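> mind looking at a prediction? Sequence and model below.
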Amino acid sequence: MTPCESKPDRAHHRPEGHLPKSPWAAGASLLCLLTAVAVLCAACGRGPSPQAGGSAGSENSTPAPPQPTNRVDIPPTVRKNLGITFAKAEYRNVSQTLRVPGRFEWLPTAHREYRAPLPGRVELLVEQFQRVQPGTPLYRLDSAAWLDLEERIAATRARLDSMGPLREAHRRHEESLADKVALWRERLGQLEALREAGGGSAAQFTEASAALNQTRAELADVMEKDADLEAQEKQAGAEWRALVARREALLRAAGIVEHDRAEFGEGLKVRSVAEGVVESIALTPGGLADEHALVLTAVRPDRLRFRAKALQSDLGRLRDGQPAVIVSASGWEALAGSDTRGAMPGALRLGVQADADERTLDLIVEPERLLPWARAGVWAQLEVTLAGGASPDDEELAIPLSAVVRDGVTPIIFRRDPADPDKAIRVEADLGVSDGRWIVIKSGVREGDEIVVGGNYPLMLATSGSTPKGGHFHPDGTYHEGDH
């Protein structure tokens, strides 16, 4: 038994102000105190807490410090300031995917030109980049040739309409003359019968014959006039139809779907025939346009296709109809989501002619749907699933390649803690093959786990070292170790 253990009660129950009776007793008390301090230091790994009270055998002690951790606090303010974004791990066919760069371009049917059907002065009714609907007035054309055409059409129509009553009057005149001829024939027959009977007058017979001949002559003139009127009517009808056909052809050529005669005095209004956006305007307001001169061009933004270039060495692995996906080339930070949210699927078509100088071949895809960021001239990437790569058995768990950062030579990823979305877990990545955008992850991640793709480099710098460190970010983006 130690001296400290042999006399515990004495030290505690000594009356106040009572001094040890001997030097040995004072030495034993000091030895007991030093032994208690040594035991506490061995147990805690640090000196005695200033708040510790009581004797050396007291049960009150300082809590053990937190163990080192590979988790980092990333509250919403930190995620916003550091630009932290996530992408989900998903199963993909990485080894059987060909990725090639390309860009969006207009389909040949995307543009529509609106030209002046006749020479005249143009007053624009739309602005550049204005969206138009079918029937939207685009410009007004003040043309003397158009007014002359309208007047000729109206005059020909009036002449054609007057031919009907005129021919009807001639028809009635002809009928009356025919009846008159019949009467004179009957009269002449009666006189001929009297003459044969020995009666009648030669003068009456002669007069009746002259009247019949005159009536026949008038009937012939009327029939000839009627034939001439018929010819004139046919000619007027043909002229009217030709003028109307020319006007309709001019209207169709100008894209005019409606011409209100009430607006005749305001000029000819050219209207849009399809939905689109005014891309370019070739004339200034009030400018003079020649016949068939270009006035403006409209385009349909949804008429897009994607053109990429593949190496001719990949021809053996490509064929028409292979499944393809167009993905953004601006990185996962712009998509802020998985590939299924930022992709446009379609069927692959090989170009009909290759480039012998560049050793490339065009790949064409018309996407089944368009995302808001798809624009003509936007650069993107085309993922083609090669032959034999459509089987689900060939898929492997993969993450975006941009999610991987290196701490020295060690690849590092940060997985969002499923139990606490405001924490990120530092993981040494066990990686496989890559297609240039995705990389296979062999362990440490499950399907659907969120992986940091934007802002992962500051996280790596904050946790860099041979041993993972716990810590947190302040809202201003600065990092501090520990919980406080």
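Right, received. Where do you want to start? Numbering: from 1, shown residues only.
> chain center to the strand ranked longest in the chain, what's the gap?
The strand spanning the most residues in the chain, taking DSSP state E as the definition, is strand 343-355. Strand 343-355 has its C-alpha centroid displaced from the chain centroid by 19 Å (CA atoms, centre = their mean, to the nearest Å).
> counting by contacts, list what that strand packs against.
Using 3 or more CB pairs under 8 Å, 6 or more residues apart in numbering; DSSP states H and E, the elements in contact with strand 343-355 are strand 304-311, strand 323-328, strand 360-365. C-beta coordinates here come from the backbone N, C-alpha and C atoms, glycine included.
> what about the second one, average pLDDT?
Along strand 323-328, the predicted confidence averages to a pLDDT of 89.
> now swap in stretch 247-256 and tell me
On average, stretch 247-256 scores 73.
> check stretch 406-414 too.
Mean per-residue pLDDT for stretch 406-414: 91.
> kindly report the same for stretch 377-394.
pLDDT averaged over stretch 377-394 gives 76.
> measure the spatially closest residue to residue 436 that is not a sequence neighbour to residue 363 for me?
Leaving aside its sequence neighbours, residue 436 sits nearest to residue 99 (CB to CB, 6 or more residues apart in numbering; 5.2 Å). Residue 99 sits 11 Å away from residue 363, going by CB to CB, to the nearest Å.
> related to what we said a few turns ago, hey, C-alpha coordinates of the longest strand of the chain in CSV?
Output in CSV follows, covering the C-alpha atoms of strand 343-355 (Å, rounded to 0.1, in the frame of the first residue of the first chain):
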residue,chain,number,x,y,z
ALA,A,343,-28.9,15.1,-72.7
MET,A,344,-30.7,15.1,-76.0
PRO,A,345,-31.1,11.6,-77.5
GLY,A,346,-31.3,10.8,-81.2
ALA,A,347,-30.4,8.3,-83.9
LEU,A,348,-27.0,8.5,-85.6
ARG,A,349,-26.6,9.1,-89.4
LEU,A,350,-23.3,8.9,-91.1
GLY,A,351,-22.3,11.6,-93.6
VAL,A,352,-22.4,10.7,-97.2
GLN,A,353,-18.9,12.0,-97.9
ALA,A,354,-15.7,11.9,-95.8
ASP,A,355,-12.9,14.4,-95.6
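> so that strand versus strand 360-365, what angle?
Angle, strand 343-355 to strand 360-365, by axes from the mean of the first three to the mean of the last three CA atoms, to 10 degrees: 150 degrees.
> pairing partners for strand 343-355, with directions?
strand 323-328 (antiparallel), strand 360-365 (antiparallel) (DSSP bridges).
> off-centre distance for the first one?
Meaning strand 323-328. Distance, stretch centre to chain centre, for strand 323-328: 14 Å (CA atoms, centre = their mean).
> list the buried residues of that strand.
Neighbour-count burial for strand 323-328 flags 324, 325, 326, 327, 328 (criterion: 16 or more other CB atoms under 10 Å).
> please apply the same query to stretch 353-361.
Residues of stretch 353-361 classed as buried by neighbour count (16+ other CB under 10 Å): 354, 360, 361.
> touching stretch 409-417 from outside, list them.
71-72, 86, 399, 403-406, 423-429, 431, 441, 444-445, 449-452, 456, 459-460 (CB atoms under 8 Å, 6 or more residues apart in numbering).
> keeping just the C-alphas, turn it into CSV.
Coordinates of each C-alpha in stretch 409-417 appear next as CSV, following Å, rounded to 0.1, in the frame of the first residue of the first chain:
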residue,chain,number,x,y,z
VAL,A,409,-0.8,11.4,-56.8
THR,A,410,-3.9,10.2,-54.9
PRO,A,411,-7.2,10.6,-56.7
ILE,A,412,-9.8,12.1,-54.4
ILE,A,413,-13.6,12.5,-54.6
PHE,A,414,-16.1,14.0,-52.2
ARG,A,415,-19.3,12.1,-51.6
ARG,A,416,-22.2,13.9,-50.1
ASP,A,417,-23.1,12.4,-46.7
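> what residues sit buried inside that stretch?
Neighbour counts over stretch 409-417 (16+ other CB under 10 Å) mark 411, 412, 413, 414, 415, 416, 417 as buried.
> of those, which belong to strands?
Secondary structure assignment (DSSP E) places 411, 412, 413, 414, 415, 416 from the buried residues of stretch 409-417 within strands.
> list just the nearest of those residues to residue 185.
Among these, residue 416 lies closest to residue 185 (CB to CB), at 115.8 Å.
> who does that closest one bridge with?
Note on residue 416: beta-bridge partners residue 424, judged by DSSP bridges.
> before we move on, what SS does residue 249 have?
helix (DSSP: H, G, I helix; E, B strand; the rest coil).
> how close does it get to residue 149?
Distance of residue 249 to residue 149, computed by CB to CB: 11 Å.
> next one: residue 185
From residue 185 to residue 149 the distance is 53 Å (CB to CB).
> what about those two, which has more around it?
Shown here are residue 185 and residue 149; by other CB atoms under 10 Å, residue 149 has more neighbours (18 against 14).
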